[in-house]
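[1] only geometry, no sequence info:
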């Protein structure tokens, strides 16, 4: 099977059912199906064939969905581009992927007009599950961005897992405010929508000033967010938050660590425990807290069905429960490799296991907890310091709205931790804050400096870009 067969559960199986809302327009699954075929035929008229690439840099819109579905029908490889990227970053992707067409806000109108005039007869390419569906470029925070080749099987296995484990079905009302250029919205959001046949309202972007009104108007049962979105939602009036929570079934968080205190505050305000899970561009979803059972604060839960995980030390030996090591993964969700980067692909795997670069621990009862990126590990005077532990403590302090910890070179200790903090309101007494750290953390973990900033540098999905802190 390929993605087309999976999507047909809704597109062909429920053609008259309400499918999509976007900016006041509504579409049935049958209409989405026809739009996709017209777009596919418009691309065919431009001589697109299987294996060609189409790069797309668009804000969320129906035409982006048309292009994606059209690509899956033709065997064209979809290359989404972050709308925040500028010339240098875009040039790298275009040079690397060599797309036949780069679709932007400037030329989507012309292509859409061609699609309106095209036939709605569905084209089919000879595709199987191993055919590449997309090239998703990594954020490039530690070097040149690499294109992860995601197959039809990768996307399909991920969607089936999430629909089953999170009980997503046709009765859900799904509010999606995340950008479709990211694997979170594309691989999780778009695919579970089409697999389940639920009704989805797509927003161009998340706007926290309008968020409560969107929730009240659409009355969703399902919402995917990132930690920065949930922090913003904590500003919701308590009475409105309770009304939103009464209709909701599931809030999910990912793409960056969710502070435990945000989970607790959100539960008190909305009456829901956010389900935190763990994924990445190269693998989509790997590990998830259970839908039924304990959603443990700070933990990402258990490996999803078919996904194997293990934690190894620097010698590739297993780390006992409670110990910290690098997380390795294996499963049908793991990507096919990096586009035209055989060297990087070989380096990313060890004996068939994908090296995530993330440090983790496993509890005796099987819950996995992430400790941060391996590249973020601070080694100070021979002691390992995991920045997330310090960040979690700082986020518990009433005067701090946001925090990040990174290494600074030190002549004596090699490296020492430094904290960048955002004030919630008013000034921060650095000496008092340092005293609280000394009372609760080992001496070598106490930040040697507290740098107060207006905001932390984050990418489009809310992940702190630590290489920009200095």
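    Good, I have the coordinates. Nothing here was measured: the structure is a model prediction, and the numbers come from that model.

[2] correct me if wrong: residue 252 contacts residue 278.
    No: if you go by CB atoms under 8 Å, residue 252 and residue 278 don't touch, sitting 11.5 Å apart. (C-beta placed from N, C-alpha, C; glycine too.)

[3] which one's more surrounded, the two?
    More crowded of residue 252 and residue 278, by other CB atoms under 10 Å: residue 278, with 27 against 23.

[4] who's that one bridged to?
    Counting by DSSP bridges, residue 278 forms beta bridges with residue 287.

[5] number of nearby residues for residue 305?
    Per other CB under 10 Å, the neighbour tally for residue 305 reads 12.

[6] other residues contacting the host helix or strand of residue 55?
    Residue 55 is part of strand 53-56, with elements assigned from DSSP states H and E. Contacting residues not belonging to strand 53-56 are listed as 43, 48, 64, 67-68, 71, 76-81, 93-94, 97-103, 135, 181 [CB atoms under 8 Å, 6 or more residues apart in numbering].

[7] paired strands for it, with orientation please.
    Sheet pairing here is set by DSSP bridges, and for strand 53-56 it gives strand 77-80 (parallel), strand 101-103 (parallel).

[8] name the helices or strands packed onto the worst-scoring helix or strand of the chain on mean pLDDT?
    When each helix and strand of the chain is scored by mean pLDDT, DSSP states H and E, strand 383-385 comes last, with a mean of 81. With contacts taken as 3 or more CB pairs under 8 Å, 6 or more residues apart in numbering; DSSP states H and E, strand 383-385 sits against strand 378-380.

[9] buried residues, the strand it packs on. List them.
    For strand 378-380, a neighbour-count test (16 or more other CB atoms under 10 Å) marks 378, 380 as buried.

[10] what is the mean pLDDT for it?
    What strand 378-380 shows for mean pLDDT is 86.

[11] just checking: what are the partner strands of it?
    Here strand 378-380 has these sheet partners by DSSP bridges: strand 383-385 (antiparallel).

[12] state the mean pLDDT of the helix or strand following the least confident helix or strand of the chain.
    Counting by DSSP H and E, the next helix or strand C-terminal to strand 383-385 is helix 387-395. Averaged over helix 387-395, pLDDT sits at 90.

[13] contacts for helix 387-395?
    Contact partners of helix 387-395, identified using CB under 8 Å, 6+ apart, comprise 257, 259-262, 298, 370-372, 376, 378, 400, 402-406, 417, 419, 421, 433, 437, 440-441, 445, 447.

[14] surely residue 420 and residue 408 touch.
    No: the criterion here is CB under 8 Å, and residue 420 misses it with residue 408 at 10.9 Å.

[15] compare these two and say which one has the larger neighbour count.
    A count of neighbours by other CB under 10 Å puts residue 420 above the other of residue 420 and residue 408, at 24 against 15.

[16] that's a strand at the more buried one, yeah?
    Yes: per DSSP: H, G, I helix; E, B strand; the rest coil, residue 420 lies within a strand segment.

[17] how near is it to residue 222?
    Look at residue 420 and residue 222: by CB to CB, to the nearest Å, they are 34 Å apart.

[18] which residues of the stretch 101-250 of the chain score low on pLDDT?
    By pLDDT under 70, the low-scoring segments of the stretch 101-250 of the chain are 139-143.

[19] ok, 80 please
    Scanning the stretch 101-250 of the chain with the threshold set as pLDDT under 80 gives 139-144.

[20] which ones are touching residue 233?
    208, 211, 225, 241, 266, 270.

[21] do me a favour and get the backbone dihedrals for it.
    Per-residue torsions, residue 233: phi -70, psi -20 (degrees, to the nearest 10).

[22] which stretches of the stretch 251-400 of the chain form helices?
    According to DSSP state H, counting those that start in this stretch, the stretch 251-400 of the chain carries its helices in the segments 260-270, 342-348, 387-395.

[23] stretch 69-87: which residues count as buried?
    Judged by neighbour count using 16+ other CB under 10 Å, the buried positions of stretch 69-87 are 69-83, 85.

[24] check stretch 17-30 too.
    19-22, 27-30.

[25] for residue 446, phi and psi?
    phi -70, psi 120.

[26] so what pLDDT did it get?
    Looking at residue 446, the pLDDT reads 94.

[27] what's the answer for residue 463, then?
    pLDDT recorded at residue 463 is 82.

[28] isn't residue 366 right up against residue 302?
    Yes: between residue 366 and residue 302 a contact is recorded at 5.7 Å, counting by CB under 8 Å.

[29] so these two - more neighbours on which side?
    Higher neighbour count among residue 366 and residue 302: residue 302, with 19 against 11, using other CB under 10 Å.

[30] so which residues of the stretch 351-470 of the chain form strands?
    Taking DSSP state E, counting those that start in this stretch, the strands of the stretch 351-470 of the chain run over residues 353-362, 368-373, 378-380, 383-385, 400-410, 414-423, 450-452.

[31] quick one: closest of those to residue 120.
    The closest of the strands of the stretch 351-470 of the chain to residue 120 is strand 353-362. By CB to CB, the value is 40.3 Å.

[32] name every strand pairing with that closest one and say which way it goes.
    Applying DSSP bridges, strand 353-362 is found paired with strand 325-330 (antiparallel), strand 349-350 (antiparallel), strand 368-373 (antiparallel).

[33] report the buried residues of it.
    Residues of strand 353-362 classed as buried by neighbour count (16+ other CB under 10 Å): 353-356, 358-362.

[34] what helices or strands is the longest helix along the chain leaning on?
    Using DSSP state H, we find that the single longest helix of the chain is helix 29-45. Contacts defined by 3+ CB pairs under 8 Å, 6+ apart place helix 29-45 against helix 3-11, strand 18-22, helix 62-74, helix 108-117.

[35] got CSV for the ones you listed, with distance to residue 337 too?
    Conversion of those to CSV gives the following (distance: least, CB to CB, whole Å):
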stretch, distance to residue 337
helix 3-11, 19
strand 18-22, 33
helix 62-74, 20
helix 108-117, 30
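
[36] among those, which is the most enclosed?
    Comparing the helices and strands packed on helix 29-45 by mean neighbour count (mean count of other CB atoms under 10 Å), helix 62-74 comes out on top with a mean of 23.

[37] and it, what does it pack onto?
    Secondary-structure packing of helix 62-74 (3+ CB pairs under 8 Å, 6+ apart): helix 3-11, strand 18-22, helix 29-45, strand 53-56, strand 77-80, helix 108-117, strand 132-137.

[38] can you convert these into a markdown table and add a column each for distance to residue 176?
    Output for the helices and strands packed on helix 62-74, formatted as a markdown table (distance: least, CB to CB, whole Å):
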| stretch | distance to residue 176 |
| --- | --- |
| helix 3-11 | 15 |
| strand 18-22 | 10 |
| helix 29-45 | 14 |
| strand 53-56 | 17 |
| strand 77-80 | 15 |
| helix 108-117 | 20 |
| strand 132-137 | 17 |
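
[39] of all those, which lies closest to residue 173?
    strand 18-22 (9.6 Å).

[40] quick one: distance of that closest one to the chain centre.
    Here strand 18-22 is found 22 Å from its chain centre; the criterion is CA atoms, centre = their mean, to the nearest Å.

[41] and that strand, what other elements does it pack with?
    Using 3+ CB pairs under 8 Å, 6+ apart, strand 18-22 sits against strand 25-28, helix 29-45, helix 62-74, strand 199-202.
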